[in-house]
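> fold the following for me, if possible:
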Amino acid sequence: MENGRVCITAGLEAIPRLNLWLRSADRVLVKMGEFKATSFEELFQGTKKIPWTDWLPKDAEFPVNGRSQKSRLSSVPACQSIVKKAIVEKMKSKYKTDWFPETGSKYVIEVSLLKDVATLTLDTSGDGLHKRGYRKLTGQAPIKETLAAALVLLSRWLPHRPFLDPVCGSGTIPIEAALIGRNIAPGLKREFAAQNWGCIPQRAWDQARQEAKDLMRRDQKLEIFASDIDPEAISLAGYHIRKAGVADGIKLKTQAVKDINLSKTYGVLIANPPYGERLGELKQVERLYQELGQLSRRMDTWSFFIITSHPQFESHFGRKADKNRKLYNGRIQSRYYQYLGPLPPKPKD
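Residues are numbered from 1 along each chain as shown. Take a look at the predicted model:
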């Protein structure tokens with residue numbers, strides 16, 4: 001584990017599985033090489049040593065993206081150009097031609113320089129993994145699907161417990177909870193860049209998709225409740241829930257937080273309320289935080305998990321969180337406040 005990434009060693013068959021199953025990662029990259037590069041010559045020669053032709057066919061389209069931080073090679077366009085030239089030289093020696101049409105499948109390459117170390121990767125995902133395929137329309141300030149899944153995973157919610165999102169917006173958090181509860185691979189409804197790569201057998205993709213279908217728990221009963229004060233948001237949530245194929249597991253309702261009255265016990269509430277970033281919204285948002293605190297006192301067997309960037313959230317909620325964790329919602333530094341209620345009693349033998 002490193003900042004912003006997890007590195008693993010695995011065979012080619014892991015590429016389809018990771019893309020299908022990862023819930024909170026942004027993309028799956030193949031690390032092609034890593035070496036010190038303090039000059040353009042070092043960058044060129046290090047790149048040329050990498051076995052690109054094991055992956056890139058003669059007609060590959062291979063754009064090069066780049067970034068540089070705390071490195072002597074600070075010109076990103078120049079680094080991208082050097083890497084592209086080095087790959088072309090490598091391919092010339094294998095394919096015995098000076099011209100590459102780039103009309104085939106796309107292989108996006110990234111050169112990342114950090115403290116004079118160059119890391120070159122191939123992107124197997126294409127679109128970011130947050131694009132599950134069910135969210136075609138968006139409301140105001142939607143939460144990314146990957147972050148929504150992370151909030152559910154961090155809460156340790158299990159499908160035998162009730163679940164509530166009282167400010168559900170376009171429905172992303174309850175949908176991700178339903179996908180987790182029924183063990184549905186989040187990438188099952190979309191395609192990935194590496195599906196068109198000749199170096200990964202088609203049978204690996206077919207097997208991974210069939211495996212994901214076999215592992216679904218479609219008959220898993222769920223008690224997921226989602227509400228919002230905005231009828232348009234509820235309409236949008238309903239559309240997304242149907243697209244995700246989990247409509248039978250989520251109950252939607254248009255209502256304000258102060259009007260929520262659930263008789264269920266030992267549940268988990270996860271919320272991404274408005275942050276009050278816009279002028280004039282702050283008082284309204286702080287009132288909402290107070291209502292969430294009042295709801296927690298009425299639903300005293302429930303655990304509450306709330307993400308917000310508001311620095312005084314706990315004082316408006318009415319008590320200090322048992323735990324809080326720093327997370328980024330897009331570029332906004334936020335806190336995930338965790339109020340841990342009692343665990344459900346164990347069933348009697």
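> show me what contacts Leu22?
Residues near Leu22 by CB atoms under 8 Å, 6 or more residues apart in numbering: 28, 129, 186-187. All C-beta atoms are positioned from the backbone trio N, CA, C, and that covers glycine.
> pick the one among those residues closest to Val246.
Of all the contacts of Leu22, Val246 sits closest to Pro186, with 11.6 Å by CB to CB.
> and the gap between that closest one and Ile15?
Computed as CB to CB, to the nearest Å, the Pro186 to Ile15 distance reads 16 Å.
> who's more crowded, the two?
Higher neighbour count among Pro186 and Ile15: Pro186, with 27 against 24, using other CB atoms under 10 Å.
> surely that one is in contact with Arg23?
Yes. The criterion here is CB atoms under 8 Å, and Pro186 meets it with Arg23 at 5.3 Å.
> overlap in contacts, those two.
With CB under 8 Å, 6+ apart, Pro186 and Arg23 have common neighbours 149, 176, 179.
> three-state assignment of the last one?
Spelled out, it's Leu179. Under DSSP: H, G, I helix; E, B strand; the rest coil, Leu179 falls in the helix class.
> for the first one, same thing?
Look at Ala149: counting by three-state DSSP, its state is helix.
> what residues does it make contact with?
Neighbour list for Ala149: 23-24, 176, 179-180, 186 [criterion: CB under 8 Å, 6+ apart].
> among these, which one sits closest to Gln290?
Relative to Gln290, the closest of these is Glu176; by CB to CB it sits at 26.9 Å.
> how near is that closest one to Thr121?
Glu176 is 27 Å from Thr121, by CB to CB.
> neighbour count: those two, which is higher?
Applying other CB under 10 Å to Glu176 and Thr121 shows that Glu176 carries more neighbours, namely 28 against 20.
> is Ala177 in contact with Trp157, as I believe?
Yes. Between Ala177 and Trp157 there is a contact under CB under 8 Å: 6.6 Å.
> which of those two has more neighbours?
Using other CB under 10 Å as the criterion, Ala177 and Trp157 rank with Ala177 on top: 29 against 22.
> let's see the pLDDT reported for that one.
Looking at Ala177, its pLDDT stands at 98.
> and for the closest residue to it other than its chain neighbours, the neighbour number?
Excluding the flanking residues, the one nearest Ala177 by CB to CB, 6 or more residues apart in numbering is Val152, at 4.9 Å. If you count neighbours by other CB under 10 Å, Val152 ends up with 24.
> residues in contact with Val152?
So Val152 contacts 173, 176-177, 180, 270 (CB under 8 Å, 6+ apart).
> mind telling me what element it is part of?
Val152 is part of helix 145-155, with elements assigned from DSSP states H and E.
> show me what counts as buried in that helix.
145-152, 154-155 (16 or more other CB atoms under 10 Å).
> can you give the distance of the helix or strand that that helix is followed by from its chain's centre?
On the C-terminal side of helix 145-155, the closest following helix or strand by DSSP H and E is strand 163-165. With CA atoms, centre = their mean, to the nearest Å as the basis, strand 163-165 stands 20 Å off its chain's centre.
> could you chop the protein up by domain?
Here the domain parsing of the chain from automatic domain parsing is 29-123, 145-186+217-339.
> thinking again about what came up before, okay, the residue nearest to Ala177 and Leu12: tell me how far apart.
Noted for Val152: a distance of 30 Å to Leu12, by CB to CB.
> can you pull the contacts of Ser303?
155, 267-269, 338-341.
> considering these, which possesses the most neighbours?
Leu269 (25 neighbours).
> that one looks like it's in a strand, true?
Yes. Counting by three-state DSSP, Leu269 is located in a strand.
> where does it land on pLDDT?
Confidence score, pLDDT, at Leu269: 98.
> next, the contact list for it, please.
Residues near Leu269 by CB under 8 Å, 6+ apart: 163-166, 295-296, 299, 302-306.
> look up how far Ser155 lies from Ile307.
11 Å.
> for this structure, what spans make up the helices?
14-21, 40-48, 76-95, 145-155, 172-181, 202-215, 231-244, 282-298, 313-317 (DSSP state H).
> any idea which of the ones you listed is most buried?
helix 172-181 (a mean of 27; mean count of other CB atoms under 10 Å).
> please export the C-alpha coordinates of that one as CSV.
The C-alpha coordinates for helix 172-181 follow below in CSV (Å, rounded to 0.1, in the frame of the first residue of the first chain):
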residue,chain,number,x,y,z
THR,A,172,-25.7,6.6,-5.4
ILE,A,173,-25.1,5.5,-1.8
PRO,A,174,-28.1,3.2,-1.4
ILE,A,175,-27.3,1.7,-4.9
GLU,A,176,-23.8,0.9,-3.9
ALA,A,177,-25.0,-0.6,-0.6
ALA,A,178,-27.4,-2.9,-2.6
LEU,A,179,-24.6,-4.0,-4.9
ILE,A,180,-22.4,-4.8,-1.9
GLY,A,181,-25.3,-6.5,-0.1
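> any chance you could list what contacts that helix?
For helix 172-181, contacts defined as CB under 8 Å, 6+ apart pick out 23, 134-135, 142-145, 148-149, 151-153, 157-159, 163, 165, 168, 184, 186, 217, 220, 222, 224-226, 237, 240-241, 244, 246, 249-250, 270-272.
> before we move on, back to that, next, format the contacts of Leu269 as a markdown table and append pLDDT and distance to Thr38.
Below are the contacts of Leu269 laid out as a markdown table (pLDDT from 0 to 100; distance: CB to CB, whole Å):
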| residue | pLDDT | distance to Thr38 |
| --- | --- | --- |
| Phe163 | 98 | 52 |
| Leu164 | 98 | 55 |
| Asp165 | 98 | 50 |
| Pro166 | 98 | 54 |
| Leu295 | 98 | 57 |
| Ser296 | 98 | 55 |
| Met299 | 97 | 59 |
| Trp302 | 98 | 56 |
| Ser303 | 98 | 51 |
| Phe304 | 98 | 51 |
| Phe305 | 98 | 46 |
| Ile306 | 98 | 47 |
